[in-house]
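Visitor: Fold the following, please.
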Amino acid sequence: MMEKRPFDPVIETPRLSLVLMQDDPDQMLSYQALVCQNGSFLNAFPTMLSQMGSRMRLGRFWLSLTYANQMGTGANYLIYKKNDGDLIGQISLTKIDDKQASGELEIWISQRHTHNGFATEAQYALEQNFYARGLQKIIGLIREDNTASLAMANKTGFRYVGKHSQIEHHVIFEKVKE
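Guide: Numbers count the residues shown, from 1 in each chain. Here you go, the predicted model:
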């Protein structure tokens, strides 16, 4: 069973600040600008964005993430570089199940900032934060053609579970706390 307490508003690493998404218009506009200028986000979430079709729908998506933070069913963070304050991506632990002590990991880093270890650093920080709360298992869904994410999952201790039965072209990885 996971400990019930508010999510930490900021999680720090040597190079990054993970900042909990809030119902803040400035934060939302920065996120929208980053998403709209990055093809890597479109590749990561093509179905969702094709269904959205507008910034208004992206705004609704933002509100659903902040609502999940408030309800305790998701912990959604923006990733900022400490040295220059650039917003470089998002990391989330969603579908948090207190009884199963599990959650689903989602990471997105802008194309300009990939292959620098930022995703691994953010993942490790979020894992440690939630392991301290009682989390026992993290699940990751990865597109079969996302070689960088597949390599990161293997490198960071996730094990392959199998193909997802409902989401086409996705595989399931999981990591159980040692």
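
Visitor: can you give me the strands in the chain?
Guide: 10-12, 16-20, 75-81, 87-97, 102-109, 137-143, 159-163, 170-176 (DSSP state E).

Visitor: Adding distance to Leu65, mean pLDDT and mean neighbour count, write those out as a markdown table.
Guide: Bear in mind the C-beta positions are built from the backbone N, C-alpha and C, glycine included. Output for the strands of the chain, formatted as a markdown table (distance: least, CB to CB, whole Å; pLDDT from 0 to 100; neighbours: other CB atoms under 10 Å):
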| stretch | distance to Leu65 | mean pLDDT | mean neighbour count |
| --- | --- | --- | --- |
| strand 10-12 | 16 | 94 | 14 |
| strand 16-20 | 10 | 95 | 19 |
| strand 75-81 | 4 | 93 | 22 |
| strand 87-97 | 7 | 90 | 21 |
| strand 102-109 | 10 | 90 | 21 |
| strand 137-143 | 17 | 93 | 19 |
| strand 159-163 | 25 | 96 | 11 |
| strand 170-176 | 20 | 94 | 17 |
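
Visitor: nearest to Gln128, of those?
Guide: Of all the strands of the chain, strand 10-12 sits nearest to Gln128, with 8.6 Å by CB to CB.

Visitor: gap between the closest one and the chain center?
Guide: Offset of strand 10-12 from its chain centre (CA atoms, centre = their mean, to the nearest Å): 14 Å.

Visitor: That strand pairs with which strands, parallel or anti?
Guide: strand 16-20 (antiparallel) (DSSP bridges).
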